[in-house]
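> Provided below are the primary sequence and the corresponding predicted coordinates.
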Amino acid sequence: MKFRNLGVAAAGMAFLAVSAFAQITTIEGVVKGQDGKPVDKAEILITRTDIKGTYKTKTDKKGHYLYMGLPMGKYTIDVMVDGKKVDSLNNVSTRPGDPIPVNFDLKANQAEMAAKQAEMAKAVESGQLTKEQERSLTPEQKAAMEKQINDQSERMKKNKELNDAFYAGMEALTAKKYDDAIASFEKAAVADPTQQAIFANLGEAHLKAAEGKTGAEYDTHIAKAMEAYNKSIELKPDDAGAHNNYALALAKAKKFPEMQVELKKAADLDPQNAGKYYYNLGAILVNSGQPEPAGQAFKKAIELTPTYADAYYQYGVTLVGQAKIDSATGKVTPVPGTIEAFQKYLELQPNGQWAQASKEMLTSLGGSVEMKFTDPNAPAKKTKKK
């Protein structure tokens, strides 16, 4: 009985010995670079995926690597060159016996990796992994891919909501349905509060909605417009148009010093259109009953854009208000620059929208309208050969 028990014990020991031996395996291979040559000192990172475990080795001058004594299991093998992962193989299952060959040909694998990446990107876009793709991924990679797919799906949903709301706002703005436009732009701003165009158009919608309104309703729309334009500037401080639009809102709120600061910023950011911004300033000042500051703004517009015909006309109009009238004779004596402003407008725009008004002004002020204007459609004169 004792002998039998001893035999059973011996058999058990043999079984344990065989089992222990069977748990050890070896992985080896060769790494070739993009040029087809062996890669020396490439780091081989062997990561066990069924349980925690990480092992490292390096290639020799022949690009060969070998790791003995690996526990049985599933592994991901990464090839690192200069600290960067250049190739990888997932789901490498080990077995007892001869070393398991795992080779890497970076040149040959590049196209395969690009194809796989394209397939993965398509899977993310479509929102579903194929069975083959699922089998090629480790549990961690699969979880990461599923998260990426969910994130992409969420982004696409938000983008659709954003686009639908924004374009609905633009259509409503064009149709002069300003309350609808405001509601759509506000919805778009919730979907993505980083889009400058949303707040720029929201500001315009509030400005338009304020037209015809009075009292608290007017003030609310103007305040909302300023808030929207200010947000658009925060998102894009170098946008001259945003500063110009903000200035228009400030003017309607009768915040003229702040308005002039914003228009100055617009002019500095966009020198080519600086004249237009000062012309806008002049128009706003005229409408607010401040003709003298308006005149200075139109004069500045002329200095910046000497061919700005409308600025000459508006400048002349502001100077007319400064003319002196003799109470006894009724004679009108214009201040210097008035007649010249109307004459310059006619020189630049002989058939413009203010041409007749300029002629009438000149007649009433005693200025000459007999100007020599160049007809742009007239044929060029031939010069005589000497």
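Alright, I've got the coordinates. Residues are numbered from 1 along each chain as shown.
> Would you check how far apart residue 26 and residue 59 are?
Going from residue 26 to residue 59 by C-beta to C-beta, to the nearest Å gives 16 Å. From N, CA and C alone the C-beta is placed, and that goes for glycine too.
> quick one: stretch 331-342 to chain centroid distance?
In terms of C-alpha atoms, centre = their mean, to the nearest Å, the centre of stretch 331-342 is set 50 Å apart from its chain centre.
> So residue 26 and residue 59 - more neighbours on which side?
Between residue 26 and residue 59, counting by other C-beta atoms under 10 Å, residue 59 is the more crowded of the two (23 against 15).
> what residues are up against that one?
For residue 59, the contacting residues are 30, 31, 38, 39, 40, 41, 42, 44, 65, by C-beta atoms under 8 Å, 6 or more residues apart in numbering.
> Of the residues you listed, grab the buried ones for PyMOL.
The buried residues among the contacts of residue 59 can be selected in PyMOL (16 or more other C-beta atoms under 10 Å) with this line:
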select buried, resi 30+31+38+39+42+44+65
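> So which of the contacts of residue 59 belong to strands?
Among the contacts of residue 59, DSSP state E puts 30, 31, 44, 65 in strands.
> Mind putting those into JSON lines with pLDDT and distance to residue 172?
What follows is the ones in strands among the contacts of residue 59, written out as JSON lines (pLDDT from 0 to 100; distance: C-beta to C-beta, whole Å):
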{"residue": "30", "pLDDT": "95", "distance to residue 172": "66"}
{"residue": "31", "pLDDT": "95", "distance to residue 172": "62"}
{"residue": "44", "pLDDT": "95", "distance to residue 172": "62"}
{"residue": "65", "pLDDT": "94", "distance to residue 172": "66"}
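> which residue packs closest to residue 223, ignoring adjacent ones?
Nearest non-adjacent residue to residue 223, counting by C-beta to C-beta, 6 or more residues apart in numbering: residue 253, 7.4 Å away.
> What sits closest to residue 358 if chain neighbours are left out?
Closest residue in space to residue 358, ignoring its immediate chain neighbours: residue 342 at 4.3 Å, by C-beta to C-beta, 6+ apart.
> ok, now how distant is residue 302 from residue 313?
Using C-beta to C-beta, residue 302 is found at 11 Å from residue 313.
> between those two, who's got more neighbours?
Comparing residue 302 with residue 313 by other C-beta under 10 Å, the one with more neighbours is residue 313, at 24 against 21.
> any chance you could map the strands in the chain?
Secondary structure of the chain, counting by DSSP E: strands at 24-32, 43-48, 54-58, 64-71, 74-81, 84-93, 100-101, 104-105, 324-325, 332-333.
> Could you export these as JSON lines, including distance to residue 348?
Output for the strands of the chain, formatted as JSON lines (distance: least, C-beta to C-beta, whole Å):
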{"stretch": "strand 24-32", "distance to residue 348": "74"}
{"stretch": "strand 43-48", "distance to residue 348": "74"}
{"stretch": "strand 54-58", "distance to residue 348": "79"}
{"stretch": "strand 64-71", "distance to residue 348": "81"}
{"stretch": "strand 74-81", "distance to residue 348": "69"}
{"stretch": "strand 84-93", "distance to residue 348": "64"}
{"stretch": "strand 100-101", "distance to residue 348": "85"}
{"stretch": "strand 104-105", "distance to residue 348": "73"}
{"stretch": "strand 324-325", "distance to residue 348": "28"}
{"stretch": "strand 332-333", "distance to residue 348": "25"}
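> Quick one, which of those strands gets closest to residue 164.
Checking the strands of the chain against residue 164 by C-beta to C-beta gives strand 84-93 as the closest, at 40.1 Å.
> how about low-confidence regions in the stretch 251-386 of the chain?
The model of the stretch 251-386 of the chain has pLDDT under 70 over residues 367-386.
> Now do the helices in it.
Residue ranges of the helices in the stretch 251-386 of the chain, as given by DSSP state H, counting those that start in this stretch, are 256-269, 274-287, 291-304, 309-320, 338-348, 355-365.
> for the stretch 51-200 of the chain, same thing?
106-126, 131-136, 139-174, 178-191, 196-210.
> from memory residue 248 sits against residue 206, does it?
No. With contact defined as C-beta atoms under 8 Å, residue 248 does not reach residue 206; the gap is 11.4 Å.
> which residue is nearest the centroid of the chain?
Centroid-nearest residue in the chain: residue 195, 7.2 Å away (criterion: C-alpha atoms, centre = their mean).
> Would you quantify the distance from it to residue 184?
13 Å.
> what do the two both touch?
Overlap between the contact sets of residue 195 and residue 184, as judged by C-beta under 8 Å, 6+ apart, is given by residue 166.
> what's around residue 236, how many residues?
Residue 236: 13 neighbours (other C-beta under 10 Å).
> show me the contacts for it.
Neighbours of residue 236 in contact, by C-beta under 8 Å, 6+ apart: 196, 242.
> And residue 270, by the same measure?
Counting by C-beta under 8 Å, 6+ apart, residue 270 makes contact with 240, 241, 277.
> What separation do you get for it and residue 283?
Distance, residue 270 to residue 283, by C-beta to C-beta: 18 Å.
> What of residue 233?
From residue 233 to residue 283 the distance is 21 Å (C-beta to C-beta).
> same thing with residue 249?
Separation of residue 249 from residue 283 (C-beta to C-beta): 15 Å.
> Which residue of those two possesses the greater neighbour count?
A direct count of neighbours by other C-beta under 10 Å for residue 249 and residue 283 places residue 249 higher, at 27 against 19.
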